[in-house]
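[1] Take this sequence and fold it.
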Amino acid sequence: LDTSRGTARHLLRVATSANPYRLHAFVNDRMWPDVPFVSTVYLTNPHDRPLKVSNVYVTEPFIKLAQVHNRRSVLSTSDRLVPPHGREFLTSVVVSPTGVGRFRGSLHIRTNVHDMVVPIDVTVISGALLAVPGEVDFGVVTGATGDGSHVDVGISNVGLQDLKIVDATPFWPDSNLEIEVTGAGTVPAKLVTENSIRL
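    Next up is the predicted model:
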């Protein structure tokens, strides 16, 4: 980072693992009670020969597989061939746990080359709205000019319908605190906005 007063260096570390089949884990997803989480799974064949899928299964009772794609039934996942360097729809995963809390499971895929396990880790929240983080710390705000400080807060909408932010007000009114709804004031379904509210 080059500044007018010199250069600052930041050490970046990251751990990577190969994912030639382009499978994505279902982790850190939040759900409402009684609202199933549905997602499609595609499998990429990185090899020069056809990839044969011999079995796709789950072992946890709160996870189901549905052979539906674009509202049409498709062939069973058993004995399916993915052409060389091709990409094919594999299955739809339907996650519908009962109760609240954290639920973990796995999607298992067996092929003629490798066997794969896709982690599934979801949290069912008890209410329609969840505040994360539950506390915002401005730190120490000083200055005679009254410039103050601000924090941007994002909203996570885990539901299946868009969420409209109607208003934002402090629970305890304070003349030193201003709250502004930024952007369009709408959080689309299954999305997290980074800057929904400015404090």
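[2] partner strands of the helix or strand that contains Tyr57, parallel or antiparallel?
    Tyr57 belongs to strand 51-58 when elements are defined using DSSP states H and E. Within its sheet, and counting by DSSP bridges, strand 51-58 is paired with strand 80-82 (antiparallel), strand 101-111 (antiparallel).
[3] What lies in contact with it?
    Strand 51-58 is contacted by residues 43, 45, 64-65, 77-82, 84, 90-91, 93, 105-113, 120 when judged by C-beta atoms under 8 Å, 6 or more residues apart in numbering. Where C-beta positions appear, they are placed from N, C-alpha and C, glycine not excepted.
[4] For the protein, which element, helix or strand, carries the lowest mean pLDDT?
    Counting by mean pLDDT, DSSP states H and E, the chain has its least confident helix or strand at strand 72-73, which shows a mean of 46.
[5] Distance across stretch 49-62, terminal residue to terminal residue?
    35 Å (C-alpha to C-alpha, to the nearest Å).
[6] avg pLDDT for that stretch?
    In this model, stretch 49-62 has a mean pLDDT of 89.
[7] Please point out which parts of that stretch sit buried.
    By neighbour count with 16 or more other C-beta atoms under 10 Å, stretch 49-62 contains the buried residues 51, 53, 56, 58, 62.
[8] got a list of what the most centrally placed residue in the chain touches?
    Residue closest to the average C-alpha location in the chain (C-alpha atoms, centre = their mean): Asp29, at 5.0 Å. Shown in contact with Asp29 (C-beta under 8 Å, 6+ apart): 37, 121-123, 158.
[9] ok, so of the residues you listed, who is nearest Ala18?
    Distance to Ala18 across the contacts of Asp29 (C-beta to C-beta) is lowest for Asp121, with 20.9 Å.
[10] count of neighbours near Tyr21?
    The burial count assigned to Tyr21 is 21, neighbours taken as other C-beta atoms under 10 Å.
[11] Can you read off the pLDDT for it?
    pLDDT for Tyr21: 90.
[12] Cool, thanks, talk later.
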